[in-house]
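Following is a predicted model, sequence given first.
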Amino acid sequence: MLLSRLTVAFDRILGRRSYRIHRFLYRLTRGIIGHRTPLGPMLLLTTTGRRTGEARTSPLLYMPDGGDVLVVGSNGGRDRPPAWVLNLTATPAVSVQVGRDRFSALAIVLGDAEKAAMWPRLAHHYKGWSYYQTITQRELAVVLLARVHENALAGNVLVAHGR
């Protein structure tokens, strides 16, 4: 609980500045710096801005789920959802970088039943997500980033996940 409170304090005081540096180092080193952190593994999620149409990249904690990954729209427990959740709701096609691995994905916001089934694993993976849920009135979004594979012959997009 103390670590979660310290994380919230850090986020409120230095968050935006540190995220910019984190994003820069992650890209520069192709994930060698920034992928592994004391809180857990981090990825870079690039969404399309819902108003600007510009690429927006956010460093996020994630939990692996087979070949896909899950992220939580906690926004550090703030009462408003993070911009990246609003962006991917408008345009679910996203880009993801996990360490050196870069891939296209389809962002799927889990429904209530899927979220409830997944929440114990998420809470075990990073206890801060449970803490964030206690300090906000909104429900935290849980998002599956499902890898997308281009079928070069047919020109179809295939989503490779078991849901």
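Everything's here; your move. Numbering: from 1, shown residues only.

How about the top strand by length along the chain, which residues are buried there?
Assignment by DSSP state E gives strand 141-151 as the longest strand of the chain. The neighbour-count check on strand 141-151 (16 or more other Cβ atoms under 10 Å) flags A141, V142, V143, L144, L145, A146, R147, V148 as buried. (C-beta placed from N, C-alpha, C; glycine too.)

For those residues, give me JSON lines that also has pLDDT.
Formatted as JSON lines, the buried residues of strand 141-151 follow (pLDDT from 0 to 100):
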{"residue": "A141", "pLDDT": "95"}
{"residue": "V142", "pLDDT": "97"}
{"residue": "V143", "pLDDT": "98"}
{"residue": "L144", "pLDDT": "98"}
{"residue": "L145", "pLDDT": "98"}
{"residue": "A146", "pLDDT": "97"}
{"residue": "R147", "pLDDT": "95"}
{"residue": "V148", "pLDDT": "92"}
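
The protein: helices as residue ranges?
Counting by DSSP state H, residue ranges of the helices within the chain are 2-28, 83-90, 112-125, 128-134.
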